[in-house]
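> missing the sequence, but the structure's below:
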Ligand code: NDP
Ligand code: GDR
């Protein structure tokens, strides 16, 4: 039986990856940080908490001895390093904490693999945020990096460390440069979920409006359930490599707002410009989207669109969920949660 460690199993990708690996009959050890009450809502939504092959283990990713102990006790064949301070906006307010968590987190586990068992296959969750101020369109594995946030810089560290351990110690370190991927399990601080959750509440009369920042940032949004399959495929290759996973389609934040309104049967019209812009419900005349400068970032990533041809050719992977379908899936689950009084 195969054994995998997933750091960050309580996050969006951790939950979907756990489900995928359990279906493949893996033993899965998922790490979480010790808190007074560990938040397992995503694993609960996927009905995984009582799975006999899923084990939740305490882990401090800033502590090398914790990483060594983790590998010695679980003896995995594969390690997926997903744990991170993953919110770009917060990384501007907490650059030191973000650096400590994301950089030391990846380095400690790589170093522990080198010491305990260099044959363990390692996946590093790298990000399209590393492209930042994009140097060419679309972005692929050859595109130069230009990160625009402390988060983006910290992810570049993990990416290059993975390549460095691959080249220095002949270790199996794969780096997946993943573009934005969303789902009903997305945290509510991220813009897609903020929109589907907030507008579901507007639709049901629980709140009057939502507040957003830059409506014109463009992102390549896919479904997280598709992307975890790509992570797994990277660790099944004969040789470690770097892959972009993306849909190849880009849309603005405002397009996602419009798509969500359509799924909720709301007609939205935009009025005004810049930070004075508003989104109005044309049936009621009410303002349902306002701009709040607080949600603008000190430096923005204006446009991301990925080219996943290499993943298609070498992994047989491609994104299969259209954005409209993803948006409808998120809206449906948020309507259900709001009606049931759940606030994940
Ligand atoms: P989430 O924010 O949903 O999950 C992050 C996970 O990291 C959670 O399990 C969280 O634990 C854990 N974590 C955060 N801080 C710490 C800490 N100090 N110590 C230990 N654990 C911590 O992220 P996603 O699932 O969306 O993303 C997974 C990975 O992929 C991340 O590394 C992210 O940066 C990267 N990525 C994500 C993309 C996306 O679009 N989703 C795209 C590209 C890369 P807790 O539940 O306790 O907070
Ligand atoms: P991102 O995702 O920064 O791309 O990082 P996020 O959803 O936070 O932002 C996407 C874009 O929307 C704009 N935006 C807003 N963003 C948020 N969060 N809240 C708002 O109110 C708002 N208004 C406009 C942002 O400025 C930005 O341009 C995600 C994370 O999952 C990272 O961990 C991952 O590495 C990258 O995707 C790829």
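Everything's here; your move. Source: prediction; values computed, not measured. Residues are numbered from 1 along each chain as shown. Ligands and ions are numbered 1, 2, ... in the order given.

> residues in this structure within reach of ligand 1, list them.
8, 10-14, 32-33, 39, 61, 82-86, 101, 125, 127, 178, 180-181, 187 (Cβ under 6 Å from any ligand atom). Glycine gets a C-beta too; all of them are placed from N, C-alpha and C.

> pull out the buried members of the residues you listed.
8, 10-14, 32, 61, 82-86, 101, 125, 127, 178, 180-181 (16 or more other Cβ atoms under 10 Å).

> tell me the residues of the chain that contact ligand 2?
So far as Cβ under 6 Å from any ligand atom goes, the chain lies against ligand 2 at 86, 88-89, 127-129, 179-180, 189-191, 194, 212-214, 217, 219, 253, 295, 297, 300-301.

> which of these count as buried?
In the residues of the chain next to ligand 2, the ones that pass as buried (16+ other Cβ under 10 Å) are 86, 88-89, 127-129, 179-180, 190-191, 194, 212-214, 217, 219, 253, 300-301.

> tell me which of those residues fall in helices.
88-89, 191, 194, 253 (DSSP state H).

> out of the residues you listed, which is nearest to residue 235?
residue 88 (26.3 Å; Cβ to Cβ).

> ok, now which ones touch that closest one?
129, 149, 151-152, 297, 301 (Cβ atoms under 8 Å, 6 or more residues apart in numbering).

> go again using 10 Å as the cut-off
98, 127, 129, 148-152, 155, 189-190, 297, 299-301 (Cβ atoms under 10 Å, 6 or more residues apart in numbering).

> can you list which of the residues of the chain next to ligand 1 are found in strands?
The strands, defined by DSSP state E, take in 32, 125, 127, 178, 181 from the residues of the chain next to ligand 1.

> show the contacting residues for the residue nearest the centre of the chain.
The centroid of the chain falls nearest to residue 181 when counting by Cα atoms, centre = their mean (5.7 Å). By Cβ under 10 Å, 6+ apart, the contact list for residue 181 reads 12-13, 16, 192, 220-228, 230, 245-247, 319, 321, 326.

> out of these, which sit inside strands?
222-223, 245.

> the residue nearest to residue 291 when sequence neighbours are not counted: how many residues sit nearby?
With Cβ to Cβ, 6 or more residues apart in numbering as the criterion, residue 291 has its nearest non-adjacent residue at 5.0 Å, and that residue is residue 275. As a burial measure, residue 275 scores 12 neighbours (other Cβ atoms under 10 Å).

> how about residue 275, secondary structure?
Following DSSP: H, G, I helix; E, B strand; the rest coil, residue 275 is assigned to helix.

> per-residue pLDDT, it?
As predicted, residue 275 sits at a pLDDT of 89.

> where in the stretch 151-300 of the chain is pLDDT low?
Within the stretch 151-300 of the chain, no stretch has pLDDT under 70.

> show me where it has strands.
Assigned by DSSP state E, counting those that start in this stretch, the strands in the stretch 151-300 of the chain fall at 172-178, 181-182, 210-212, 218-219, 222-223, 242-245, 251-252, 268-271, 278-281, 287-291.

> name the helices or strands packed onto the fifth one?
Pointing back at strand 222-223 there. strand 181-182, helix 323-340 (3 or more Cβ pairs under 10 Å, 6 or more residues apart in numbering; DSSP states H and E).

> could you chop the protein up by domain?
Residue ranges for the domains of the chain, per automatic domain parsing: 3-183+221-250+304-321, 191-216+252-301+328-340.

> please name the bridge partners of the closest residue to residue 75 other than its chain neighbours.
In this structure, residue 75 finds its nearest non-sequential neighbour in residue 3, 6.3 Å apart by Cβ to Cβ, 6+ apart. Beta-bridge partners for residue 3, by DSSP bridges, are residue 27.
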